[in-house]
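A.B. asks: here is the input, now give the coordinates:
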Amino acid sequence: METRQLDYETAMMTREAFFYAYKTVAGETERHLLLESGRSGKLCIAGINPLVTLQASEGSLEATWRDGTVESRAGEDPLESIESFLGTFGISGSLPELPEFQGGAIGFISYDYVRRYEALPSVAINDLETPDLHFYLFDQWAVLDMETEQVYFMALPDRGICPMQMKEKWLEAAAKGLEARKFGMQEKAVPTAVPEEIRVSVDAKQFERMVVEVQQYIELGDVEQVNLSVRQSAPLHADPLDMYEALRAINPSPYMASIGSPDFAVVSGSPELLLKKRGDVVSTRPIGGTRPRGKDEAEDRALEAELLSNTKETKEHKMLVDVELDDFSRICAEETVETDEFMVIEKYSHVMHLVSNLRGVVRQDQTNSDVIRGVFPGGSITGAPKVRTMELIEELEPTRRGLYTGSIGWIGFNGDLDLNIVIRTAYIKGGEVFIQAGAGLVSDSIPKAEYIESLNKANALWQAKEMAEADRVKKAMLL
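C.D. replies: The predicted model follows:
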């Protein structure tokens with residue numbers, strides 16, 4: 001098939017203007033998506049009203065076109081179906097003058113997709129019925145290069161789409177959105193109490209019993225470390241886009257996402273990378289080890305020093321790095337896997353983390369589907385050894401994880417990809433917001449402290465929800 005080049009136009013725009021253009025235009029349709037590098041990143045990607053929605057639940061992949069036509073792509077793994085579907089568009093090359101993302105599938109892989117290739121028990125309740133995969137393919141989209149503040153409005157070729165029209169619409173929407181914005185980047189993060197209406201999947205005593213059970217498995221040598229989580233939920237009395245706007249103001253993170261669909265919405269502020277692939281080079285950035293932020297600079301430095309010197313936390317982190325090294329060894333060429341950054345501190349609005357970075361060169365016999373399955377789900381949110389810990393997670397956590405600890409990101413026409421790990425994320429369905437967070441458990445974990453840590457990791461999202469709801473009440477009072 002002949003390789004075709006994209007049509008595109010450019011304009012200058014700040015990150016703030018780009019977001020508010022997206023938010024303004026997203027209000028016109030149920031299906032929209034934004035991937036935003038809130039810190040330490042380079043690109044922001046947005047699309048409205050996709051050409052195709054690609055979704056798989058228990059069966060095969062279904063491609064629903066914008067005109068309502070539905071195609072079922074049966075007979076292969078859904079990730080492989082997406083890979084072959086992208087190939088039908090004939091856009092395999094990359095234009096050097098454009099940003100790294102030059103079109104493809106953008107969306108998420110649910111944690112429970114792993115059941116398609118690992119024989120896990122079926123014990124937890126699947127109450128949210130989250131799709132295994134949900135991706136959009138846009139025929140026109142926008143990419144912001146934050147270093148140059150240049151936006152590229154791109155479109156699939158030969159479809160009669162004029163990127164100039166998208167450019168003019170977004171420039172107008174940016175001006176309108178900036179004027180109507182609710183939460184500025186300088187909004188202060190104020191700790192808030194957990195509202196009484198929040199429900200938890202397990203209470204403190206239940207979680208502490210779960211920790212003790214995990215420690216018994218560790219003592220027997222069955223596992224080394226297990227990540228267990230708590231799901232919190234409450235009614236949402238605000239627009240998910242307003243909640244996302246608040247989250248990006250108080251807690252900008254490297255892998256943020258806003259996803260809208262007729263059935264659910266996603267508000268994500270993840271700090272963690274699962275997999276980045278450029279050409280044949282892959283990298284991952286596991287997180288393990290957490291402390292709250294200090295009340296002042298002196299306390300912050302003290303907590304940082306304590307985290308770096310804490311034997312339990314550093315031991316846990318090293319185990320997670322070993323899991324990722326093992327995953328990479330299965331998909332990468334021999335002697336190419338390395339740890340090029342080890343146990344550094346990254347700070348966010350409410351917490352700080354221990355982080356490392358691994359890289360390697362993919363073997364020539366590995367497809368993108370092979371590469372993703374080789375590392376999915378991330379070891380930092382399962383444990384070691386990975387399959388056994390996933391069995392324990394299924395037995396101990398009362399509900400299926402769904403999107404939590406899956407991946408959000410993109411798979412490009414050119415074979416490159418970027419996938420995060422879904423933590424610090426709200427899944428919104430049926431007027432309820434679901435926020436899940438966990439802790440890595442080892443032999444010397446303190447059960448009560450691990451429960452508190454799990455709840456604390458969700459604080460920024462609950463604060464964003466409260467800010468969005470308070471703005472809604474304020475607006476109603478003015479009407």
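
A.B. asks: can we go C-alpha only for contacts and neighbour counts from here?
C.D. replies: OK.

A.B. asks: show me where the stretch 1-150 of the chain has strands.
C.D. replies: Ranges of strands in the stretch 1-150 of the chain, per DSSP state E, counting those that start in this stretch, are 7-12, 32-36, 43-48, 52-56, 61-65, 70-73, 104-109, 133-137, 140-145, 150-155.

A.B. asks: and the stretch 301-450 of the chain, by the same measure?
C.D. replies: Assigned by DSSP E, counting those that start in this stretch, the strands in the stretch 301-450 of the chain fall at 338-347, 351-361, 383-384, 407-412, 417-420, 425-429, 432-441.

A.B. asks: and residue 88, which of those is closest to it?
C.D. replies: Of all the strands of the stretch 301-450 of the chain, strand 407-412 sits nearest to residue 88, with 12.9 Å by Cα to Cα.

A.B. asks: how about that closest one as PDB, C-alpha atoms only?
C.D. replies: Output in PDB follows, covering the C-alpha atoms of strand 407-412 (Å, rounded to 0.1, in the frame of the first residue of the first chain):
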ATOM      1  CA  SER A 407      -2.900   2.200  30.600                       C
ATOM      2  CA  ILE A 408      -3.900   5.400  28.800                       C
ATOM      3  CA  GLY A 409      -2.000   6.600  25.800                       C
ATOM      4  CA  TRP A 410      -1.500   6.200  22.000                       C
ATOM      5  CA  ILE A 411      -0.400   3.800  19.400                       C
ATOM      6  CA  GLY A 412       0.800   5.600  16.300                       C
END
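
A.B. asks: quick check: which element contains residue 290?
C.D. replies: Assigned by DSSP states H and E, residue 290 belongs to strand 287-292.

A.B. asks: who are the packing partners of that strand?
C.D. replies: helix 297-309, helix 311-331, strand 351-361 (3 or more Cα pairs under 8 Å, 6 or more residues apart in numbering; DSSP states H and E).

A.B. asks: any chance of those in JSON lines, with distance to residue 405 too?
C.D. replies: As requested, the helices and strands packed on strand 287-292 are exported to JSON lines (distance: least, Cα to Cα, whole Å):
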{"stretch": "helix 297-309", "distance to residue 405": "23"}
{"stretch": "helix 311-331", "distance to residue 405": "15"}
{"stretch": "strand 351-361", "distance to residue 405": "17"}
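
A.B. asks: which one, of those, ends up nearest to residue 69?
C.D. replies: Per Cα to Cα, nearest to residue 69 of the helices and strands packed on strand 287-292: helix 311-331, 36.8 Å.

A.B. asks: surely residue 293 and residue 302 touch.
C.D. replies: No - at 10.0 Å, residue 293 and residue 302 do not qualify as touching, with contact defined as Cα atoms under 8 Å.

A.B. asks: which stretches of the stretch 51-200 of the chain have low pLDDT?
C.D. replies: 184-196 (pLDDT under 70).

A.B. asks: where do the helices sit along it?
C.D. replies: 78-87, 163-180 (DSSP state H, counting those that start in this stretch).

A.B. asks: hmm, who's touching the last one?
C.D. replies: The set of residues that contact helix 163-180 without belonging to it, under Cα atoms under 8 Å, 6 or more residues apart in numbering, is 7-11, 16-25, 140, 153-155.

A.B. asks: how does it look with 7 Å?
C.D. replies: Outside helix 163-180, the residues that touch it by Cα atoms under 7 Å, 6 or more residues apart in numbering are 7, 8, 9, 17, 18, 20, 21, 24, 25, 153, 154, 155.

A.B. asks: most surrounded residue in these?
C.D. replies: residue 18 (29 neighbours; other Cα atoms under 10 Å).

A.B. asks: ok, back up a step: just the contacts of helix 163-180 now: which is nearest residue 74?
C.D. replies: Nearest to residue 74 among the contacts of helix 163-180, with distances taken as Cα to Cα, is residue 155, at 28.3 Å.

A.B. asks: bridging residues for that closest one?
C.D. replies: Beta bridges link residue 155 to residue 7, residue 140, judged by DSSP bridges.

A.B. asks: now do residue 270
C.D. replies: Applying DSSP bridges, one finds that residue 270 bridges with residue 255.

A.B. asks: any idea how far residue 337 is from it?
C.D. replies: 25 Å (Cα to Cα, to the nearest Å).

A.B. asks: what separates residue 453 from residue 463, distance-wise?
C.D. replies: Counting by Cα to Cα, the gap from residue 453 to residue 463 is 16 Å.

A.B. asks: just to revisit the earlier point, tell me the most buried of the helices of the stretch 51-200 of the chain?
C.D. replies: Compared across those, helix 78-87 shows the largest average neighbour count, a mean of 19 (mean count of other Cα atoms under 10 Å).

A.B. asks: next, format the strands of the stretch 1-150 of the chain as CSV and append distance to residue 91.
C.D. replies: Formatted as CSV, the strands of the stretch 1-150 of the chain follow (distance: least, Cα to Cα, whole Å):
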stretch, distance to residue 91
strand 7-12, 12
strand 32-36, 21
strand 43-48, 18
strand 52-56, 16
strand 61-65, 19
strand 70-73, 20
strand 104-109, 9
strand 133-137, 13
strand 140-145, 14
strand 150-155, 12
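
A.B. asks: closest one to residue 349 among those strands?
C.D. replies: strand 32-36 (17.0 Å).

A.B. asks: sheet-wise, list the partners of that closest one with their directions.
C.D. replies: strand 43-48 (antiparallel), strand 255-260 (antiparallel).

A.B. asks: in the last one, which residues are buried?
C.D. replies: By neighbour count on 16 or more other Cα atoms under 10 Å, the buried set for strand 255-260 is 255, 256, 257, 258, 259, 260.

A.B. asks: so what's the last one bridging to?
C.D. replies: Listed beta-bridge partners, residue 260: residue 32, residue 265 (assigned using DSSP bridges).

A.B. asks: tell me which residues touch it, please.
C.D. replies: 30, 31, 32, 33, 266.

A.B. asks: can you tell me how far the closest residue to residue 422 other than its chain neighbours is from residue 274?
C.D. replies: The shortest distance from residue 422 to any non-neighbouring residue, by Cα to Cα, 6 or more residues apart in numbering, is to residue 405 (4.5 Å). According to Cα to Cα, residue 405 and residue 274 sit 10 Å apart.

A.B. asks: so for those two, which residues contact both of them?
C.D. replies: Contact criterion Cα under 7 Å, 6+ apart; residues shared by residue 405 and residue 274: residue 421.

A.B. asks: how about the helices of the stretch 51-200 of the chain, which one is nearest residue 60?
C.D. replies: Taking these one by one with Cα to Cα, helix 78-87 is closest: 6.4 Å.

A.B. asks: residue 237 against residue 470, yeah?
C.D. replies: No - using Cα atoms under 7 Å, residue 237 is not in contact with residue 470, being 9.2 Å away.
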